[in-house]
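# missing the sequence, but the structure's below:
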Ligand SMILES: Nc1ncnc2c1ncn2[C@@H]1O[C@H](COP(=O)(O)OP(=O)(O)OP(=O)(O)O)[C@@H](O)[C@H]1O
Ligand SMILES: O=C(O)C[C@@H](O)[C@H](O)C(=O)CO
C-alpha cells in the first residue's frame, strides 16, 4: 500500500531547508566537558545531517540555507559539494554573522549532551526572498526542521518554502528537531511548530518533542495515537513517534500503526540517531517500500551513526546499511 505519493520525474529527490552548522565532537570520550581537551570538526545541523544521509544513500539532493562568509562557511559549502549536494540555494551572509557551533560532551554512551553556541548565527538570517521557488518545484520532497522556525527572518523563509511546496505538490516532511535554545518560551515554540505541522505530509519527532507541541492540548497520558490522530485532520499521511532505544511507531492516515525495534549498536554517543533514522526511513519510503521496511532501514542507519564518532560523516551508504543488517541478522553486533 502506498501511503505517500512522491511526484515523479523531478530533478531533485530531496531538498532540505534550515541550519548548516559545525559539530565539534569530543575526542576524549566518556568524560565531562570540563575535562575534554580536543574535538574533531564535522559539518552539523540536523537538516544538513539528514541531507548528507540522503545523498550517501544515492538520492539527488539540494540544500537551502545561509552560511557565514568565512572559513567555517566555506568548509561547510565545500563538504556539501563533495557529498554531491546542490548548494545553488546556499546563500553567504555578508553582515558578519557567524557559524553555529555544537560542542558535544560524551560522558558515557547513554549520557551525552550538546553545548550550543548560537548567538548571531548565519543560518537564522535566511530570508524569504532568498528561497528559490524553482528548486522546491523541482524537488520531490522538501524537509523542514523546527529550529529554523525559532527566529525571524529564517522563520518567514521556512513558511515561504512551505507555501512553494504546497503550490507545486512537493511532499513536505517535518523533522521536529526541537532544541530549546533560540526559542523564548514554550508558548511561542508550540504555536509556530503547530502552524508549520498543519501543512506537512510526514511528521517525525520524539515523544518529548510532541509533548512540547501539545502545550495547549489535553493528552495527559502522552498517548502516541492521540498525538498522531490530530495531524490526520490536516495534511499528514504519516506521523512517526520515536522512542530512542525502545524503537519507533508510525501511524498512518488510514488508521494503521507500525512498530519498529531498534537494531543493536555499540553506542559511542546517542546524538545523530534521529537524523540517520530520518534519512534511512525517507529513503525507504521513496523506494516504494512498506512503512515497516522503511522504519527498519532507518533504525539500522541510526545504529551505524550512534556507533560512530560523528553524525554527518558517519551517514551510511546503501551497501553499509545492508551489510549492517546482515551482520545483525547473523548476531555479529553485540550491543554495548
Ligand atoms: N541506544 C540506542 N540503541 C539502538 N538504537 C537507537 C538507540 N537510540 C536511538 N536508536 C535508534 O534511533 C532512532 C531514533 O532515535 P531517537 O528516538 O533517540 O531520536 P532523536 O531523539 O531524534 O535522536 P537525536 O539524539 O539524534 O536527537 C530510534 O527509533 C532507534 O531506532
Ligand atoms: O543539530 C545540531 O545543531 C547539532 C547536530 O549537528 C548534532 O550532530 C546532533 O545533535 C544531531 O542530532
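Okay, I see it. Quick caveat: nothing in here was measured; it's all calculated off a predicted structure. Ligands and ions are numbered 1, 2, ... in the order given.

# Could you pull out the helices in the stretch 51-200 of the chain for me?
Under the criterion DSSP state H, counting those that start in this stretch, the stretch 51-200 of the chain contains helices at 71-82, 133-137, 154-168, 186-197.

# How about the contacts made by the residue of the chain found nearest ligand 2?
Closest contact between the chain and ligand 2, by CB to the nearest ligand atom, is at residue 44 (2.7 Å). To be clear about C-beta, it is placed using only N, CA and C from the backbone, and glycine gets the same treatment. When the contact criterion is CB atoms under 8 Å, 6 or more residues apart in numbering, the partners of residue 44 are 21-23, 102, 311-312.

# Let me have those in CSV, extended by secondary structure.
As requested, these are arranged in CSV below (DSSP: H, G, I helix; E, B strand; the rest coil):
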residue, secondary structure
21, strand
22, strand
23, strand
102, strand
311, coil
312, coil
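
# just to revisit the earlier point, quick check: which of the helices of the stretch 51-200 of the chain is buried the most?
Across these, averaging neighbours per residue (mean count of other CB atoms under 10 Å) puts helix 154-168 on top, at a mean of 20.

# picking that back up, got the helices of the stretch 51-200 of the chain as a markdown table, with distance to ligand 1 and mean pLDDT columns?
Formatted as a markdown table, the entries for the helices of the stretch 51-200 of the chain read as follows, by distance: least, CB to the nearest ligand atom, whole Å; pLDDT from 0 to 100:
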| stretch | distance to ligand 1 | mean pLDDT |
| --- | --- | --- |
| helix 71-82 | 19 | 98 |
| helix 133-137 | 25 | 98 |
| helix 154-168 | 19 | 98 |
| helix 186-197 | 15 | 97 |
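
# Which positions in the protein make contact with ligand 2?
Residues of the chain lying near ligand 2 by CB under 6 Å from any ligand atom: 21, 23, 44-46, 49, 102, 114, 271-272, 274-275, 311.

# With residue 244 as the reference, measure out to the closest residue in space to residue 121 that isn't next to it in sequence.
Among residues not flanking residue 121 along the chain, residue 100 sits closest, at 4.2 Å (CB to CB, 6 or more residues apart in numbering). Residue 100 sits at a distance of 25 Å from residue 244 (criterion: CB to CB, to the nearest Å).

# Which one's more surrounded, these two?
Per other CB atoms under 10 Å, whichever of residue 100 and residue 244 has more neighbours is residue 100, with 26 against 15.

# Quick check, residue 204 in contact with residue 279.
No. Between residue 204 and residue 279 there is no contact, the gap being 10.8 Å when judged by CB atoms under 8 Å.

# more neighbours, these two?
Residue environment comparison for residue 204 versus residue 279 gives the larger neighbour count to residue 279, 30 against 27, counting by other CB under 10 Å.

# Name the helix or strand for the more buried one, please.
helix 273-286 (DSSP states H and E).

# same for that helix, what does it pack against?
Other helices and strands packing on helix 273-286, by 3 or more CB pairs under 8 Å, 6 or more residues apart in numbering; DSSP states H and E, are strand 12-17, helix 46-56, strand 139-145, strand 171-175, strand 202-206, strand 238-242, helix 291-306.

# The third one pairs with which strands?
Sheet pairing for strand 139-145, assigned by DSSP bridges, gives strand 12-17 (parallel), strand 171-175 (parallel).

# can you give me the mean pLDDT across that strand?
Strand 139-145 shows an average pLDDT of 98 in the prediction.

# measure the residue nearest to residue 121 to residue 194 for me?
25 Å.

# interface residues of the stretch 201-336 of the chain facing ligand 1?
Those residues of the stretch 201-336 of the chain that sit near ligand 1, judged by CB under 6 Å from any ligand atom, are 206, 242-245, 247-248, 262, 265, 267, 270-275, 277, 299, 302-303, 306.

# Stretch 245-253 - what's its average pLDDT?
On average, stretch 245-253 scores 97.

# Oops, could you answer that again for stretch 30-43 instead?
If you average the pLDDT values across stretch 30-43, you get 95.

# picking that back up, what residues are bridge-paired with the residue of the chain closest to ligand 2?
Beta bridges link residue 44 to residue 21 when assigned by DSSP bridges.

# Model confidence score at the residue in the stretch 101-250 of the chain positioned nearest to ligand 1, please.
Among all residues of the stretch 101-250 of the chain, residue 242 sits closest to ligand 1, at 3.2 Å; criterion: CB to the nearest ligand atom. Looking at residue 242, its pLDDT reads 98.
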